[in-house]
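Quick one: sequence and predicted model below, then my questions.
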Amino acid sequence: MANEHHTSNARQKAATAASIAVAYGCVYFFWGATFTATRVGAAEMPALLMSGTRFLIAGAILLGWCRWRGLRLRQSARTMVTLCLVGLFLLCVNNALLIYAEKTVPSGLASLVMAIIPLLVALAEMLLPGGEALPARGWLGMAMGFAGLAALVWPSLRSGWNGNGALLWAIMALLAGAVAWMVGSILARRSRLPVNSFVAAGWQMFAAGLCNSLLGTALGEWPQFHVNSASIGSLAFLITGGSLIGYSSFIYLLEHVPVAQVSSYCYINPVVAVLLGIFVLHERPEPAEFVGMSGVIVAVFLITTARVKPKSMEELEPIPVE
């Protein structure tokens, strides 16, 4: 009997370890691959309608699942307004700008520029009232991060100054999107809303999807929305892999693994995105971009491990890959 009980416990532990490994794999792969899927979809769909369609469908599915699980969807007016504002910054503005930029820049470069978000959040939190100071390790990461960013965008900026205006605007859009995610992340952290994480994500996605869909419709983007295998495949992957499977795996990890370990996706996802860009989309980063990539990834590692360890999901600054 004792041996049977021991065997049962061992199987349970093994199953838990296996499920955690699968969850890590989902977060690393699916969130990293969203940059690749976005690059494919951006060639077939306008930014606002692509983002709007994706999050409208994903948000509706997630809210429907939450309702089926018996979770309370209705929230106070103040909570709903805050959730919508967070969704507008994190998903509406950020994702539309990312799609716009990926019409021009390679997916790997886009992922690396967005990887500076933890640096921006750490800097903003330090400057805001009641913010946390950075230790020496964090300052080293900050310096390496911005130096790496400079190396990353310098080839594009040089090309833009030499007449490639589209590339210059794309880089500016990526940086603006990173700032938007920073604002939404800080707003989510400081609001500390008493809402289930899945319900909050569902409303944020739905609000962002509705906003971008209405705006894209008002601007007459539908004639540019091409329904073909590339656009459908891109949206399907982004909705299921990025917004549903990836996010669910992220929540699962937060419930079973220390947050400091979960934050490893911040520097794994850009590597996945760059490799997929090279092998799937045949992108060819310049040598300076590889130097910048190394600097940004090491910087994000230093920043995320130097800061006071957060206690909840809202205190993480995920790369924008929902």
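Perfect, thanks for sending it.

Okay, strands next: where are they in the stretch 101-250 of the chain?
With DSSP state E, counting those that start in this stretch as the criterion, the stretch 101-250 of the chain has no strands.

quick one: low-confidence parts of it?
The model of the stretch 101-250 of the chain has pLDDT under 70 over residues 160, 163.

let's go with 90 and repeat that
116-142, 145-146, 148-168, 185-186, 188-194, 248 (pLDDT under 90).

Contacts only, for the nearest residue to Phe237 once chain neighbours are set aside.
Nearest residue to Phe237 in three dimensions, chain neighbours excluded: Ala37, at 4.5 Å (CB to CB, 6 or more residues apart in numbering). Placement of C-beta: from N, CA and C, glycine included. The neighbourhood of Ala37, defined by CB atoms under 8 Å, 6 or more residues apart in numbering, consists of Gly233, Ser234, Phe237, Leu238, Gly241, Gly242.

got TSV for the residues you listed, with distance to Ala200 and neighbour count too?
Formatted as TSV, these follow (distance: CB to CB, whole Å; neighbours: other CB atoms under 10 Å):
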residue	distance to Ala200	neighbour count
Gly233	29	14
Ser234	26	24
Phe237	23	21
Leu238	20	29
Gly241	20	19
Gly242	17	24
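
TSV for these, including distance to Asn94?
What follows is the contacts of Ala37, written out as TSV (distance: CB to CB, whole Å):
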residue	distance to Asn94
Gly233	23
Ser234	18
Phe237	18
Leu238	14
Gly241	18
Gly242	13
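
how would you label Trp65: helix, strand or coil?
Following DSSP: H, G, I helix; E, B strand; the rest coil, Trp65 is assigned to helix.

Is it in contact with Phe198, as I believe?
Yes: contact criterion CB atoms under 8 Å: Trp65 and Phe198 qualify, at 7.4 Å.

Just the buried residues of stretch 40-52, please?
For stretch 40-52, the neighbour count (16 or more other CB atoms under 10 Å) marks Val40, Gly41, Ala42, Glu44, Met45, Pro46, Ala47, Leu48, Leu49, Met50, Ser51, Gly52 as buried.

Please enumerate residues in contact with it?
Contacts to stretch 40-52, defined as CB under 8 Å, 6+ apart, come from residues 53, 91-92, 95-97, 99-100, 102-103, 208-217, 219, 221-222, 224-226, 228, 230-231, 233-235, 238, 281.

Now with 6 Å, please.
Taking contacts as CB atoms under 6 Å, 6 or more residues apart in numbering, the residues outside stretch 40-52 that touch it are 95-96, 99-100, 102-103, 209, 212-213, 215-216, 221, 224-226, 230-231, 234.

cool, stretch 159-167 as well?
Residues from elsewhere that reach stretch 159-167 (CB under 6 Å, 6+ apart): Thr104, Ser156, Leu168.

swap the cut-off to 10 Å and go again
For stretch 159-167, contacts defined as CB atoms under 10 Å, 6 or more residues apart in numbering pick out 101, 103-105, 153, 155-158, 168-172.

Next, work out how far apart Arg74 and Ser294 are.
Distance of Arg74 to Ser294, given as CB to CB, to the nearest Å: 48 Å.

the more surrounded of these two?
Ser294 (13 against 7; other CB atoms under 10 Å).

hang on, the more buried one packs against Gly148?
Yes: here Ser294 reaches Gly148: they are 7.0 Å apart, a contact under CB atoms under 10 Å.

Between the contacts of stretch 159-167, which sits nearest Gly130?
Proximity of these to Gly130 (CB to CB) peaks at Met172, which lies at 31.1 Å.

Pull the contacting residues for the closest one.
Counting by CB under 10 Å, 6+ apart, Met172 touches Leu97, Ala101, Val153, Leu157, Gly160.

out of those, which is most surrounded?
Ala101 (29 neighbours).
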